[in-house]
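# Fold the stuff below for me.
(one chain, ligands or ions: 1)
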Amino acid sequence: MKKENIISIQSQVFDGFCGNNIAAFVFRRRGHIPKILNTVQYYSKFKHSGVELNSQEVDVILSEYNKDQEFMSDSNIYFLTGYIKNAECVDMVTKNILELRKKRKIQNGKNNDNGKEYMNGHMNGHMNGHMNGHMNGHMNGHMNGHMNGHMNGHMNGHMNGHMNGHMNGYMNGHMNGHMNGHMNGYMNGHMNGHMNGHMNGHMNGYTNGHINDHMNGHTNGHMNGHTNGHINGHMNEPNVEYPNRHINSSEHKSSNLIIPEGKLINEKDMHKNNILAVSQRRKKDKELYSIENIINLNFLWVCDPVMGDNGRLYVDECVVESYKKAIQYVDIITPNQYETELLCEMKINEEKDVIKCLNVLLHKGVKLVIITSVNYNFDKDHLFLYVSFFNNKNKIVYFKYKILKIHFNCFGSGDLFSCLLLSFIVKQKGNILHIISKVLNILQNVIKNSLTGLELNIIENQDIIASDGLINDVLIKEEPVFF
Ligand code: PXL
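Sure, this is the predicted structure:
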């Protein structure tokens with residue numbers, strides 16, 4: 001197991017709860033061992049008297065950490081940034097995160113560049129966006145988005161989105177989405193979605209979805225979905241990893257039968273009861289919005305662009321510009337309504353404005369956008385959380401959570417949200433929509449138990465904070481937003 005490194009860069013206050021006073025406690029109470037960098041030391045969140053680190057001081061700490069990490073490629077790194085008072089410090093934090101990410105690219109194989117035209121040689125890590133043209137050589141890691149053209153050589157890891165054209169060589173890992181064209185060689189792992197064209201060689205693992213045309217060679221493991229055309233070759237006996245080997249084709253109809261957990265069902269029964277289709281669909285639903293498919297969990301920047309609330313700034317004005325520049329490198333962003341308006345240079349009055357903002361942020365390169373609180377004039381009783389990301393077909397999806405407004409005039413709930421979110425992502429992984437429901441469940445309960453004072457009762461609610469977010473069994477469910 002890789003070592004976990006959480007680095008929380010936020011404010012600290014002498015009295016009360018915000019920034020790292022919340023995050024440090026929450027992370028530790030939930031079993032993490034965070035590294036804490038305090039950007040300021042204020043008296044309280046209401047009285048900003050105290051001291052502030054300058055950008056050189058921020059650099060001293062973070063570059064020391066970067067040096068230490070040089071030879072430690074066996075760890076996952078998670079940055080959480082919150083309150084940073086001035087633009088130079090935001091720039092310095094960004095610079096250090098990028099430097100470390102770059103180093104990781106060499107050691108771990110991470111790459112976030114978009115390839116255009118030709119790419120020869122090796123590509124390690126992530127490729128997001130579009131690649132048109134040829135790729136020869138190796139690719140390790142994730143690829144999201146479209147690839148048109150040829151790919152020769154090896155691909156290890158995940159591929160989401162579309163691939164059109166040819167692939168020769170090996171593919172290990174996951175492929176989600178569409179593949180049109182030819183694939184020669186080996187594919188190990190999962191394939192979800194459609195494959196049109198030819199596949200020659202070996203496939204080990206799962207195929208879900210459609211294969212049209214020809215497949216030559218071997219398949220080990222499962223193949224579900226539709227096959228049109230020919231399958232030539234061998235299907236090997238069950239391997240160790242996937243003990244049940246099935247070929248299901250399009251004559252299966254849906255069924256509501258549920259497989260009792262732990263019960264072994266033989267192939268004949270599976271076909272008879274037509275259960276597999278259900279379990280596959282469930283698995284697909286689970287995987288569809290899985291955080292692992294949206295971001296790379298080896299290196300992650302959760303940026304809470306803490307700038308202000310309700311039209312009032314509490315950082316220097318030029319911090320806005322620094323965040324705008326940094327956005328392209330951020331994996332997850334969690335602005336409130338006012339911060340979203342500042343970053344996207346527009347006012348939010350109705351849902352279509354929110355959608356515009358989500359699109360702006362996603363097209364700048366953020367992989368997961370969560371707008372933590374939107375208030376509408378036409379609904380004073382609720383606030384809304386929006387989440388958006390590219391799905392495995394490279395299409396933007398939007399969801400919202402309708403939250404009963406609790407009239408609690410206190411800053412800090414955003415800080416509690418962001419550290420809980422990171423904790424759930426690191427610990428639980430899986431469906432991001434479920435994670436958000438659970439984080440909201442904890443947040444709502446802590447706020448409800450803090451209504452009598454001006455601070456969040458973090459310590460008093462430590463058991464709720466440490467919980468799995470299923471308190472009272474009341475979960476706010478996401479609703480899809482169609483645009
Ligand atoms: O909750 C955001 C926040 C963080 N840090 C400091 C703050 C605030 C909000 O007021 O003052 C120092």
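# pLDDT weak spots in the stretch 151-300 of the chain?
151-286 (pLDDT under 70).
# mind running it again at 90?
151-288 (pLDDT under 90).
# Closest residue of it to the ligand?
The stretch 151-300 of the chain approaches the ligand most closely through residue 300 (21.1 Å), counting by C-beta to the nearest ligand atom. Where you see a C-beta, it was placed from the backbone N, CA and C, and this is true even at glycine.
# so is that residue in a helix, a strand, or just coil?
Of the three states, residue 300 takes strand under DSSP: H, G, I helix; E, B strand; the rest coil.
# Surely it is in contact with residue 81?
No. In this structure residue 300 lies outside contact range of residue 81 using C-beta atoms under 8 Å: 11.4 Å.
# Distance of whichever residue of the stretch 301-450 of the chain sits closest to the ligand relative to residue 438?
Closest to the ligand within the stretch 301-450 of the chain is residue 411: 3.7 Å, counting by C-beta to the nearest ligand atom. Separation of residue 411 from residue 438 (C-beta to C-beta, to the nearest Å): 23 Å.
# Quick check: beta-bridge partners of the nearest residue to residue 382 once chain neighbours are set aside?
Closest residue to residue 382 in three dimensions, ignoring its sequence neighbours and counting by C-beta to C-beta, 6 or more residues apart in numbering: residue 402, at 5.3 Å. Assessed by DSSP bridges, residue 402 has beta-bridge partners residue 384.
# what sits against the residue of the stretch 301-450 of the chain closest to the ligand?
For residue 411, the contact set (C-beta atoms under 8 Å, 6 or more residues apart in numbering) comprises 18, 45, 309.
# Can you tell me which residues in the stretch 1-150 of the chain are near the ligand?
11, 13, 18-19, 42, 45, 83 (C-beta under 6 Å from any ligand atom).
# so of the residues you listed, which ones are in strands?
Among these, the residues falling in strands (DSSP state E) are 11, 13, 42.
# Just give me the closest of those to the ligand.
Closest approach to the ligand among those (C-beta to the nearest ligand atom): residue 11, at 3.6 Å.
# correct me, but the closest one touches residue 53?
No. Here residue 11 lies out of contact with residue 53, judged by C-beta under 8 Å, at a distance of 10.3 Å.
# re the thing from before, most neighbours among the residues of the stretch 1-150 of the chain next to the ligand, which one is it?
The most crowded member of those, judged by other C-beta atoms under 10 Å, is residue 19 (29 neighbours).
# pLDDT value on that residue, please?
We note a pLDDT of 98 for residue 19 in this prediction.
# ditto for residue 96
98.
# name the element it belongs to?
Taking DSSP states H and E as the criterion, residue 96 maps to helix 87-108.
# Could I get the average pLDDT for stretch 311-322?
Averaging pLDDT along stretch 311-322 gives 97.
# So is it next to the ligand?
Yes. With C-beta under 6 Å from any ligand atom as the measure, stretch 311-322 is seen reaching the ligand through residue 314.
# how long is that stretch end to end?
19 Å (C-alpha to C-alpha, to the nearest Å).
# Tell me the buried residues in that stretch?
Buried residues in stretch 311-322, counted by 16 or more other C-beta atoms under 10 Å: 315-316, 319-320, 322.
# Stretch 27-46 too?
27, 29-30, 32, 34, 36-40, 42, 44-45.
# what's the answer for stretch 397-406, then?
By neighbour count on 16+ other C-beta under 10 Å, the buried set for stretch 397-406 is 397-401, 403.
# Can I get the residues you listed in TSV including distance to the ligand and pLDDT?
Converted to TSV, those look like this (distance: C-beta to the nearest ligand atom, whole Å; pLDDT from 0 to 100):
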residue	distance to the ligand	pLDDT
397	29	98
398	26	98
399	25	98
400	23	98
401	20	98
403	18	96
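# now those residues in JSON lines, with distance to residue 351?
As requested, the buried residues of stretch 397-406 are exported to JSON lines (distance: C-beta to C-beta, whole Å):
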{"residue": "397", "distance to residue 351": "15"}
{"residue": "398", "distance to residue 351": "9"}
{"residue": "399", "distance to residue 351": "12"}
{"residue": "400", "distance to residue 351": "8"}
{"residue": "401", "distance to residue 351": "13"}
{"residue": "403", "distance to residue 351": "15"}
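# ok, now which ones touch the residue of the stretch 151-300 of the chain closest to the ligand?
Counting by C-beta under 8 Å, 6+ apart, residue 300 has contacts 76-79, 331-332, 425.
# go on, residue 74?
Residue 74 makes contact with 2-3 under the criterion C-beta under 8 Å, 6+ apart.
# And stretch 460-479, end to end?
End-to-end distance for stretch 460-479: 32 Å, by C-alpha to C-alpha.
# Please identify the buried residues of it?
461-462, 464-465, 469, 471, 475-476, 478.
# Give me the subset of those lying in strands.
Going by DSSP E, the strands hold none of the buried residues of stretch 460-479.
# So among those, where is pLDDT lowest?
Least confident of the buried residues of stretch 460-479 in the model: residue 471, at 89.
# If we ignore the residues flanking it in sequence, what's nearest that residue?
Closest to residue 471 by C-beta to C-beta, 6+ apart is residue 445, at 5.2 Å.
# Point me to the helix or strand that includes the one you found.
Residue-wise, residue 445 maps onto helix 432-448 under DSSP H and E.
# What parts of the stretch 351-483 of the chain come near the ligand?
Within reach of the ligand by C-beta under 6 Å from any ligand atom, the stretch 351-483 of the chain has these residues: 411-412, 414-415.
# among these, which ones are buried?
Buried members of these, counted by 16+ other C-beta under 10 Å: 411-412, 414-415.
# The residues you listed into JSON lines, with extra columns for secondary structure?
Listed next are those as JSON lines, based on three-state DSSP:
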{"residue": "411", "secondary structure": "coil"}
{"residue": "412", "secondary structure": "coil"}
{"residue": "414", "secondary structure": "helix"}
{"residue": "415", "secondary structure": "helix"}
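# In CSV: those, plus pLDDT.
Listed next are these as CSV, based on pLDDT from 0 to 100:
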residue, pLDDT
411, 84
412, 95
414, 97
415, 98
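# Of those residues, just say which sits nearest to residue 345.
residue 414 (20.9 Å; C-beta to C-beta).
# Touching, the closest one and residue 304? I think so.
Yes. Using C-beta under 8 Å, residue 414 makes contact with residue 304 at a distance of 6.4 Å.
# okay, and the common contacts of the two?
Both residue 414 and residue 304 are contacted by residue 334, under the criterion C-beta under 8 Å, 6+ apart.
# mind listing the helices for the stretch 251-400 of the chain?
All helices of the stretch 251-400 of the chain, identified by DSSP state H, counting those that start in this stretch, fall at 267-273, 276-288, 291-294, 319-326, 337-344, 351-364.
# returning to that earlier point: and the helix holding residue 445, which residues are buried?
Of the residues in helix 432-448, 432-447 count as buried by neighbour count, 16+ other C-beta under 10 Å.
# Now do that helix: which elements does it pack against?
helix 291-294, strand 379-390, strand 396-404, helix 413-427, helix 462-465 (3 or more C-beta pairs under 8 Å, 6 or more residues apart in numbering; DSSP states H and E).
# Please name every helix or strand in contact with the second one.
Applying 3+ C-beta pairs under 8 Å, 6+ apart, one finds that strand 379-390 makes contact with helix 351-364, strand 368-376, strand 396-404, helix 432-448.
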